[in-house]
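Chemist: The sequence and its predicted three-dimensional model are supplied below.
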Amino acid sequence: MNMFRARLTLIFIVLIGCSVLVAGIFMASMLRKSYMDSLTVSMERELHVIKSTTDWAYQGTEEQMYQYYSSKTALLRQSADTRITFIGVDGQVFGDSEHNPRTMDSHTEREEIVEARQYGIGYSTRFSNTINRNMLYVAVPVQKGSETIGFLRLAMSLVEVEKSIRNVWYVLLGGLAAVFLLAALISYRVAFSITRPIELVTKVAQQITDMNYKYRVSVNKKDEIGQLGNAINRMADSLQLQMNRIREDESRLKSVLENMISGVVMIDRDGQIVLLNRSAEEILGFSSQELLGKRFDQAKQQFEFTQLIQECIDSRSPLRDEMVFYYPTERILEIHMNPISQTEDDWSGMLIVLHDITAVRRLERMRSEFVANVSHELKTPIAAVKGFAETLLAGALNDKETAHSFLQIILDESERLNRLIGDILELSKIESKRIPLQFSPIHLESFVNNCLNVLNTQAASKDIELSMLVPEYIYMEADEDRLRQIMMNLLSNGINYTPEGGSVTVKVEHIMSGNDSGEGDWVRFTIVDTGIGIPRKDIPRIFERFYRVDKARSRGSGGTGLGLSIVKHLVELHQGNIRVESEVGVGSKFIIDMPLIHS
Ligand code: ADP
């Protein structure tokens with residue numbers, strides 16, 4: 001832009017300089033002409049005066065003529081400030097106010113003489129070799145009667161004229177220089193006022209190119225530059241608006257992507273990974289930095305996965321597959337691959353969506369295992385009922401004693417079946433959280449006492465001692481029926497898996513958090529027996545449905561294998577937790593922690 005301003009300034013200066021120069025030349029020539037004109041007129045006048053006041057018709061010998069005219073010209077020289085020359089008709093000089101006429105050559109060819117002879121007056125301006133100066137010559141013929149006898153010539157040095165013209169030039173040049181300076185200044189200002197707004201507009205355009213949309217042109221003019229500025233401002237407004245919209249969309253999309261549970265990976269048409277959301281990082285066990293910009297086949301991914309991507313790229317059609325991934329942990333992933341196509345036959349890459357379906361598949365497996373287990377559990381008593389009923393029908397009915405024992409077995413098995421179905425229904429109710437808990441304050445001492453009373457007969461039949469250690473003051477908030485279910489299950493397990501003469505004890509403790517309101521306090525139930533204990537390897541599994549350490553013994557005791565799983569669910573519904581410590585042959589200890597109150 002400065003280049004432009006400099007060029008504009010230069011053009012202005014040259015234009016102004018040229019016009020001043022032309023004006024100067026014109027003025028100088030005018031001046032010279034008017035000087036010369038007035039000089040010529042005055043010389044003419046002088047010439048006529050000289051011609052008429054002096055006798056120029058003298059004739060004599062050559063020597064006499066020299067003397068006469070020389071003295072005349074010398075005399076006149078004193079009163080006129082000009083050179084006076086008398087020239088004979090044939091060109092010979094007879095008198096000259098500045099020079100010896102004898103040494104002078106013939107003047108017949110001098111321009112002014114030729115003109116004077118022809119037109120009655122002659123002018124000439126030339127350099128005089130005789131006196132080494134530019135001179136103006138004016139000549140008139142001298143007549144005697146009608147005969148021309150010679151020429152009278154006045155010559156005036158042009159030094160004065162030239163000096164005044166030179167002075168004029170000096171003044172002009174000085175003026176010119178001043179005008180130049182002024183012109184330079186003015187044209188710079190003018191150029192500045194033209195280029196400055198353009199510079200501003202350019203600067204703003206540059207800022208917009210660099211994505212700084214907040215800059216605006218501040219041009220207040222109404223001319224084309226002003227309009228350009230306004231157009232740029234409007235463009236910046238619209239760009240800013242569009243950019244904001246794009247950024248908003250982008251951040252919305254980004255937050256959707258980042259908060260998605262599914263992993264999303266995008267691969268461009270060159271096979272490079274160009275996008276990876278947080279879930280994808282977690283699922284694949286690689287950070288974005290490790291994967292972005294890498295080709296999919298160099299991203300250290302499982303071979304089958306890489307192969308599937310290749311297959312999708314080759315076929316350019318959507319693919320779906322399920323795959324077990326072993327890194328970072330073992331999981332089952334559902335993979336959807338979709339080519340991103342812009343037109344029918346062009347494509348810009350592909351989108352991979354990953355779902356971790358490990359939990360879903362585990363649940364499905366558990367469900368089907370549960371169904372298998374349930375069927376299996378139900379089959380055993382039904383088979384017994386069926387078998388004994390068939391035997392009875394086949395004739396055993398006649399033997400009264402056998403018939404009685406068989407019918408007893410049928411009754412026991414159907415009771416077991418009933419219990420089993422009851423437990424299964426209960427468990428499914430609890431699991432689906434269909435029945436909400438009814439919280440009420442429970443006085444634990446009387447509550448535990450009641451539970452023990454119910455089981456007294458059962459314990460007494462095995463000579464097992466039931467005891468409790470409960471502080472009198474403790475009240476807790478819980479669903480009483482559910483809490484009773486928990487206690488009864490654990491206590492009857494204790495009685496069941498403890499040989500005769502043993503003991504089962506319930507201990508209740510108040511674990512305080514130091515908060516007066518009781519919030520954050522816990523109640524710990526410990527049910528200890530002196531029974532057969534649970535082998536270490538089985539401890540992690542005893543809360544699973546239908547899991548039994550010793551199937552025969554459990555069945556013998558009428559167990560369904562569902563009791564502990566119901567207990568665990570109920571404890572968790574109360575925001576509590578349960579764990580077990582046990583040693584084979586010594587006994588087991590079930591420890592439950594539950595919040596004292598529920599907010
Ligand atoms: P069950 O109806 O068979 O008792 P549970 O779910 O109540 O089913 O218990 C699961 C298994 O855990 C039992 O089969 C038993 O092997 C073991 N078990 C539970 N409680 C005790 C205990 N107090 N002492 C020893 N083993 C126990």
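Modeler: Received, thanks.
Chemist: so what's the residue of the stretch 151-300 of the chain at minimum distance from the ligand scoring on pLDDT?
Modeler: In the stretch 151-300 of the chain, the residue that lies nearest the ligand is residue 261 (34.1 Å; CB to the nearest ligand atom). C-betas here are computed from N, CA, C, even on glycine. If you check residue 261, the pLDDT there is 91.
Chemist: residues near it, how many?
Modeler: Using other CB atoms under 10 Å, residue 261 has 9 other residues around it.
Chemist: swap in the one 10 residues further on?
Modeler: Other residues lying near residue 271 total 17 when counted by other CB under 10 Å.
Chemist: circling back to that earlier point, which residue, other than its chain neighbours, is closest to the residue of the stretch 151-300 of the chain closest to the ligand?
Modeler: residue 279 (5.9 Å; CB to CB, 6 or more residues apart in numbering).
Chemist: got the contact list for that neighbour?
Modeler: 260, 261, 262, 263, 264, 354 (CB atoms under 8 Å, 6 or more residues apart in numbering).
Chemist: Repeat that for residue 426.
Modeler: The contact partners of residue 426, by CB under 8 Å, 6+ apart, come to 562, 566.
Chemist: Residue 168 too?
Modeler: 27, 28, 31.
Chemist: Over to residue 357?
Modeler: Residue 357 neighbours (CB under 8 Å, 6+ apart): 322, 332, 333, 334.
Chemist: Out of those, which end up buried?
Modeler: 332, 333, 334 (16 or more other CB atoms under 10 Å).
Chemist: Which secondary structure element is home to the residue nearest the centre of the chain?
Modeler: Centroid-nearest residue in the chain: residue 247, 8.1 Å away (criterion: CA atoms, centre = their mean). Secondary structure from DSSP states H and E places residue 247 in helix 224-259.
Chemist: contacts for the helix or strand just after that helix?
Modeler: Next along the chain after helix 224-259, taking DSSP H and E as the criterion, comes strand 263-268. Applying CB under 8 Å, 6+ apart, the contact partners of strand 263-268 are 257, 273-277, 279-284, 296, 309, 313, 340, 348-356.
Chemist: Give the pairing partners of strand 263-268; include direction for each.
Modeler: Strands that pair with strand 263-268, judged by DSSP bridges, come out as strand 273-276 (antiparallel), strand 347-356 (antiparallel).
Chemist: Could you check the angle it makes with helix 224-259?
Modeler: 130 degrees (axes from the mean of the first three to the mean of the last three CA atoms, to 10 degrees).
Chemist: sorry, back to before: could you report the distance from the residue nearest to the centre of the chain to residue 241?
Modeler: 11 Å (CB to CB, to the nearest Å).
Chemist: just residue 48 next, same as before
Modeler: 95 Å.
Chemist: likewise residue 209?
Modeler: 17 Å.
Chemist: Looking at those two, which has the bigger crowd around it?
Modeler: Neighbours were counted for residue 209 and for residue 241 using other CB under 10 Å; residue 241 has more, 11 against 8.
Chemist: what's the burial count for whatever residue of the stretch 301-450 of the chain ends up closest to the ligand?
Modeler: In the stretch 301-450 of the chain, the residue found nearest to the ligand is residue 423; the distance is 8.1 Å by CB to the nearest ligand atom. For residue 423, the count of nearby residues is 21 (other CB under 10 Å).
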